[in-house]
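1. No letters, just coordinates:
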């Protein structure tokens, strides 16, 4: 709380010249707006900050004083730290600020990311699914309308759970030794990259070790991830599946910069899956795999991917790209 308040004060000081320029346009009546008006303005701020390609509109639609005042209010109430950070970054960043979801394939070179080659999974990597997985998947395809994104997310959840929990035995499971966990909708703090580019947003899924000694924090929703090794992005529409590559690579680069280690990733809509590996600003990608024909191979690859591992040579090949 102290650090957050100090951050706000520092931001206010460093941006004082902007406040001076804007102060003449603030009418005295602004200080006496109703709580309802303030609530509406906060909702507008949140909407702008969570909409791709709209962050610049914050600067155009709101005065610096309003943003700092709102940030201070949220900080004192000890809530919405993510919005506080984003409010300040919207004004303090001189470079380009982009959401992960707004990165297009054509912009990948701007991230200083290059394709290194291809990933080839051999048939031997296939993983025999559990009876529970088969039963759940059968029910999904029998009952769910798979044209909806929420239905396909259920498929992704089921695959990830099977990959993480394969061969789970409650009799031998040790929560102190096995700390691997999945964190959906993981928020990444804004990070600066090359060419004055700042990336920010949430990742659909990451896998990481939980920081706590047991999994009670996971059940309570207060767990903190450490040693992140994997991230996944859901393609939102059929026609946008390939476009999700830019979003995924932006996220993988952000995690790689923070974790200082290789990152595995996957792009999927539940029915199609592409696997990625990122290290030293080079990425490798697999061909598209389909659940109908490659379900067991998808499970086998996910089993290694969520653990941040590279399979043995007899299960996997990494082929360099030929220029």
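-> Perfect, I can see it now. Remember, predicted model here, so these are calculated numbers, not experimental data.

2. three-state assignment of residue 189?
-> Assigned by DSSP: H, G, I helix; E, B strand; the rest coil, the conformation of residue 189 is strand.

3. Residue 199 is in contact with that one, correct?
-> No: Residue 189 is beyond contact range of residue 199, at 10.0 Å (criterion: C-beta atoms under 8 Å). Every C-beta, even on glycine, is put in place using the N, C-alpha and C of the backbone.

4. Of these two, which one has the most company?
-> residue 199 (22 against 12; other C-beta atoms under 10 Å).

5. so which strand or helix has that one?
-> Taking DSSP states H and E as the criterion, the element that holds residue 199 is strand 197-210.

6. next structured bit after that strand?
-> Where DSSP H and E defines the elements, the next helix or strand beyond strand 197-210 is helix 216-220.

7. Could you list the residues in contact with the following helix or strand past that next one?
-> Next along the chain after helix 216-220, taking DSSP H and E as the criterion, comes strand 225-234. By C-beta atoms under 8 Å, 6 or more residues apart in numbering, the residues outside strand 225-234 that reach it are 149, 152-153, 156, 160, 181, 183, 186, 203-211, 244, 247-248, 251-252, 255, 258-259, 261, 263-270, 305-308.

8. again, 6 Å this time
-> The contact list for strand 225-234 (C-beta atoms under 6 Å, 6 or more residues apart in numbering) reads 183, 203-209, 211, 244, 247-248, 251, 255, 259, 264-267, 305-306, 308.

9. Just the buried ones out of the residues you listed, please.
-> Listed as buried from these are 183, 203-209, 244, 247-248, 251, 255, 264-267, 305-306, 308; burial here means 16 or more other C-beta atoms under 10 Å.

10. which residues does the closest residue to residue 104 other than its chain neighbours contact?
-> Sequence neighbours aside, residue 246 is the residue nearest to residue 104 in space, at 5.1 Å (criterion: C-beta to C-beta, 6 or more residues apart in numbering). If you count contacts by C-beta under 6 Å, 6+ apart, residue 246 has them with 103, 104, 105, 107, 108.

11. how about the nearest residue to the first one once chain neighbours are set aside, secondary structure?
-> What sits nearest to residue 103 in space, not counting adjacent residues and going by C-beta to C-beta, 6+ apart, is residue 246, at 3.8 Å. What three-state DSSP gives for residue 246 is helix.

12. same deal with the one 10 residues further on?
-> Three-state call for residue 256 (three-state DSSP): helix.

13. do the same with residue 270
-> For residue 270, the assignment made with three-state DSSP gives coil.

14. I appreciate the help and will end here.
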